[in-house]
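A.B. asks: Following is a predicted model, sequence given first.
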Amino acid sequence: MKRLLSVCLLACNEADELARAIRSVDWADEIVVVVDAKSEDASEQVARQMASRVERRAYQGDVEQKRYAASLAKHDWVLILDPDEVVPEVLGKSIQRVLAEGDAKGSGEDGADAPVAYRLNRATYHLGRWIRHGDFYPDWKLRLYRRSKAQWVGRDPHGRVEVTGRVGELAGDLEHYSYRDLADQIDRIQFFSSQAADALMRDGVSFRLSDLVLRPFGRFLRTYFLRTGFRDGLPGFVISIASAFYVFLKYAKLWEKTREKAREKTGEKKREKTREKNVETPRA
């Protein structure tokens, strides 16, 4: 029996990208789009024209927003897709095959050997070429899964799906058109580093100077040398520097927020002492 699929997307000021993403999965049984309430372009109109269900919602963070989008799906099998991603023909056929036939061993939907989720390998196009090394590739993402066997976990902006059961992998790359240009990448680094710093604060992570000094350098070494980002030429070098800059900003902003919180506490203590002094000192 064919498994029915719900594709879930988030959108904010991405009308053109959203239309392209939806067209790439027009074979799905349902398409759900959650539009950020701050969106000011035609994203919502595009979604209402092309999707099965559309909800407008204030942004609650990446993890919560994707969890909410998946909760709207009618079907147990869900594919999470970003608006700047495209499912090409090879990957689309892989997805449709496993939905129609089950896994390669022919196990049933509830069989012990049947995967309850699948990872997709994402390839990013940036700075004029497909990036095939460094932190950008391979980039396996668990995106196709059974809702009844999964939950969204993790810290913004890097949430992930955890499943109970076996996970398979699909043939064909998920195409990722993440950035318009380098300026767009820097803008997103600003946004996501702020989110990451806020999440660290909420989780009670303390700022350490060693994180600010060593982690960016470690990220560059990992991206450019250990994961051979240098094989992507000058774009690989630029991407490695940008990746290290993201890590630097995340911890620099954590330091800034920690200082602000300390100042607030100090100010509150001073105000409390002043109030106590005024209460204890009788008027003449």
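C.D. replies: Received it, and whenever you're ready, just let me know what you need.

A.B. asks: Run through the strands of the chain in chain order.
C.D. replies: Here the chain has its strands, by DSSP state E, at 5-11, 30-36, 53-57, 77-81, 85-86, 117-126, 129-131, 140-146, 150-155, 158-163, 167-176.

A.B. asks: List the buried residues of the fourth one.
C.D. replies: When burial is assessed from 16 or more other Cβ atoms under 10 Å, strand 77-81 yields the following buried residues: W77, V78, L79, I80, L81. Yep, even glycine has a C-beta here, placed from its N, CA and C like the rest.

A.B. asks: The third one too?
C.D. replies: Neighbour counts over strand 53-57 (16+ other Cβ under 10 Å) mark R53, V54, R56 as buried.

A.B. asks: so, if you compare these, which one comes nearest to V46?
C.D. replies: V54 (9.5 Å; Cβ to Cβ).

A.B. asks: which residue packs closest to that closest one, ignoring adjacent ones?
C.D. replies: What sits nearest to V54 in space, not counting adjacent residues and going by Cβ to Cβ, 6 or more residues apart in numbering, is A47, at 4.5 Å.

A.B. asks: So that neighbour sits against V35, correct?
C.D. replies: Yes. Contact criterion Cβ atoms under 8 Å: A47 and V35 qualify, at 5.9 Å.

A.B. asks: list residues touching both of those two?
C.D. replies: Residues touching both A47 and V35 by Cβ atoms under 8 Å, 6 or more residues apart in numbering: A11, V54.

A.B. asks: Neighbour count for these two, which is higher?
C.D. replies: A47 (27 against 24; other Cβ atoms under 10 Å).

A.B. asks: Which residues are in contact with that one?
C.D. replies: With contact set as Cβ under 8 Å, 6+ apart, A47 has these partners: A11, L18, I22, V33, V35, V54.

A.B. asks: Enumerate every residue touching the last one.
C.D. replies: It stands for V54. Applying Cβ under 8 Å, 6+ apart to V54 gives the contacts V32, V33, V34, V35, E44, A47, R48.

A.B. asks: Farthest-apart pair in those residues, please.
C.D. replies: Most distant of these, by Cβ to Cβ, are V32 and E44, 13.4 Å apart.

A.B. asks: Who has more neighbours out of those two?
C.D. replies: Each of V32 and E44 has its neighbours counted (other Cβ under 10 Å); V32 has more, 25 against 21.
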